[in-house]
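Novice: Provided below are the primary sequence and the corresponding predicted coordinates.
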Amino acid sequence: MVTIKTSPLLAKIAQISTIIEHLRDGKIYTILVLACCILRCRSCCLNHCKVEHECVTGEKAKSSTVYGRFKRIFQTGKGAKVHKTVFVLILHLVYPFISPYLIVDRTEFTIGDRWVNLLVFGVVCKGVLIPLVWQDLGKRKSSSQKERLILLDKLLAWWKASGLPRPTLSLLGDREFIGQTWLMALQRRGLTFVIRLKTNLRFKVWYKGDLKDRTIRLKVLEKYMHKKGLNHMEIVILDELILNFVVVPNDDANAKEPFIYLITNLDDLSKVATLYRKRWQIECCFKHLKSNGFDLEKTALEGAHKQEILFSILALTYVLAIMEGILNDYDDTVKQRTFSNGKTYREKSLFVFGLEILKPKVDNMKLLLRHLKQLLIFCLKQFKYPHFYYT
């Protein structure tokens, strides 16, 4: 396989910035080869990717040899190095376009008898979710408060190490991402949040400057609020933190519950319902990485570190498509269309629009490396990141 010595474009990328310093050049090259193969065949199945290898690299090799090279990417057991490199690279590419919303969710599927259960945190960028950190929980159950905090702290630490300023992030999550210790931890880390609550939960109430001794079920509290014409009430976490309990109408036509219960530490409660609806953007991201994009569910790779590496490669490939859509004026190019339900949508998603432009641009490794180099230089010149250098 071509190495760094015969790949001057990769050497040039290494000169542009120190953000890819966490991996050896040969490892980066092999990962980018696999990413290019995934783009060509629209699948992360290694058996499909190996067929594209000769077109991508210009190198003739046996299928078994190529398959072995791809497998070795995942056999190091050191997924964190690949993950961190991709995290920093993605953050630099999307940073100028991000909104200060952090979304948490899970996606799960099976490989044989084993469940892959990916916990993902990501930021919103031009109305789509960009995954930043992820972990295969190795179980079918929901994540624990401890597992979430470990992954969140990884995101915050890597963001700080990237050298890019971190805005005040608002965390958005569904009703499985609850727990009083978790909410207190978010407050202590300087994050605002809007998280949906289960209707059967109980909390102590702070009312008229006084803490009520007994816990009250949220269903009962919602009925009291409706009777009194209140749009929110204050509830107490761990006898220490006062948060706002907000009830908003459920606008899902097929919903079994007429109201959505939300908990937040935001002061401006008029934004709560709008912010929570942004959480659905992570579902679109999962769809693009699965059936509508790269067939994540078709992988046969087993093991948490292998899933971490594979998701890193897919996330980078996904972000390259998103960036292509953004830089080619998606909002002005793709027309809106009104459907039978009365709602207006774009005729193509930002991902599909960007992917259609990206694929012919990065049809082989030479084109992919040139494209990546141009993106990094664009970030340098356009946004003047102080820790970039270019010679």
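Specialist: Yes, it's here.

Novice: so which elements touch the host helix or strand of residue 326?
Specialist: Using DSSP states H and E, residue 326 maps to helix 304-327. Judged by 3 or more Cβ pairs under 8 Å, 6 or more residues apart in numbering; DSSP states H and E, the packing partners of helix 304-327 are helix 25-41, helix 79-94, strand 114-125, strand 128-136, helix 281-289, helix 350-361, helix 365-383. In this view, the C-beta of every residue, glycine as well, is placed from N, C-alpha and C.

Novice: quick one: which of those is nearest residue 211?
Specialist: strand 114-125 (32.9 Å; Cβ to Cβ).

Novice: would you mark the buried spots in the closest one?
Specialist: Within strand 114-125, the residues scored as buried using 16 or more other Cβ atoms under 10 Å are 116, 117, 118, 119, 120, 121, 122, 123, 124, 125.

Novice: how near is the residue sitting nearest the centre point of the chain to residue 151?
Specialist: Computing the C-alpha centroid of the chain and ranking residues by Cα atoms, centre = their mean puts residue 131 first, at 1.6 Å. The spacing between residue 131 and residue 151, counted by Cβ to Cβ, to the nearest Å, is 12 Å.

Novice: which residues are in contact with each of those two?
Specialist: In terms of Cβ atoms under 8 Å, 6 or more residues apart in numbering, residue 131 and residue 151 are both contacted by the residues residue 121.

Novice: ok, back up a step: following the helix holding residue 326, which helix or strand shows up next?
Specialist: Next along the chain after helix 304-327, taking DSSP H and E as the criterion, comes helix 330-333.

Novice: C-terminal to that following helix, what's the next element?
Specialist: Following helix 330-333 in sequence, per DSSP H and E, is strand 336-338.

Novice: who touches that following strand?
Specialist: For strand 336-338, the external contacting residues (Cβ under 8 Å, 6+ apart) are 344, 345, 346, 347.

Novice: and the nearest residue in space to the third one that is not next to it in sequence, what is it in contact with?
Specialist: In space, not counting the residues next to it along the chain, residue 346 is nearest to residue 334; the distance is 4.8 Å by Cβ to Cβ, 6 or more residues apart in numbering. For residue 334, the set of contacting residues under the criterion of Cβ under 8 Å, 6+ apart consists of 346, 347, 348, 353.

Novice: what does residue 334 show for phi and psi?
Specialist: Phi and psi for residue 334, reported as degrees, to the nearest 10, are phi -90, psi 120.

Novice: shift numbering so it begins at 26
Specialist: New numbering, starting at 26: the last item is residue 359.

Novice: so what's residue 199 closest to, chain neighbours aside?
Specialist: Distances taken as Cβ to Cβ, 6+ apart put residue 221 closest to residue 199, at 5.4 Å, once the chain neighbours are dropped.

Novice: my error: substitute residue 330 in the last question.
Specialist: Excluding its sequence neighbours, the residue lying closest to residue 330 (Cβ to Cβ, 6+ apart) is residue 104, at 3.8 Å.

Novice: what is the neighbour count of the one you found?
Specialist: 22 (other Cβ atoms under 10 Å).

Novice: quick check, it in contact with residue 333.
Specialist: Yes: the pair residue 104 / residue 333 is scored as a contact, 3.4 Å apart, by Cβ atoms under 8 Å.

Novice: compute the number of surrounding residues for residue 98.
Specialist: Residue 98 has 19 neighbours, counted by other Cβ under 10 Å.

Novice: hang on, I meant residue 251
Specialist: 12.

Novice: what of residue 51?
Specialist: Residue 51, neighbours per other Cβ under 10 Å, totals 15.

Novice: show me the shaky parts of the stretch 26-175 of the chain.
Specialist: Residues of the stretch 26-175 of the chain that meet the criterion pLDDT under 70 lie in 26-50, 102.

Novice: just give the nearest non-adjacent residue to residue 165, would you?
Specialist: residue 140 (4.4 Å).

Novice: beta partners for the one you found?
Specialist: For residue 140, the beta-bridge partners are residue 135 (DSSP bridges).

Novice: surely it meets residue 161?
Specialist: No: taking contacts as Cβ under 8 Å, residue 140 lies outside contact range of residue 161: 9.3 Å.

Novice: my read is residue 211 is in a helix, agree?
Specialist: Yes: judged by DSSP: H, G, I helix; E, B strand; the rest coil, residue 211 forms part of a helix.

Novice: got the contact list for it?
Specialist: When contacts are counted by Cβ under 8 Å, 6+ apart, residue 211 touches 196, 218, 290.

Novice: which residue, other than its chain neighbours, is closest to the second one?
Specialist: In this structure, residue 218 finds its nearest non-sequential neighbour in residue 196, 4.2 Å apart by Cβ to Cβ, 6+ apart.

Novice: quick check: that neighbour is in a helix.
Specialist: No: the assignment for residue 196, made by three-state DSSP, is strand rather than a helix.

Novice: how many neighbours does it have?
Specialist: Residues contacting residue 196 under the criterion other Cβ under 10 Å number 24.

Novice: what's the distance between it and residue 327?
Specialist: 31 Å.

Novice: with residue 179 instead?
Specialist: From residue 179 across to residue 327, the span is 23 Å (Cβ to Cβ).

Novice: same question, residue 119
Specialist: Taking Cβ to Cβ, one finds residue 119 at 30 Å from residue 327.

Novice: who's more crowded, the two?
Specialist: Legend: neighbour count by other Cβ under 10 Å for residue 119 and residue 327, higher for residue 119 (21 against 13).

Novice: I'd say that one and residue 344 touch.
Specialist: Yes: between residue 119 and residue 344 there is a contact under Cβ under 8 Å: 6.3 Å.

Novice: intersection of neighbour lists for these two?
Specialist: residue 155.

Novice: assign residue 270 to helix, strand or coil.
Specialist: Quick answer, by three-state DSSP: residue 270 is strand.

Novice: secondary structure element for residue 97?
Specialist: helix 88-98.

Novice: likewise for residue 218?
Specialist: Going by DSSP H and E, residue 218 is in strand 217-221.
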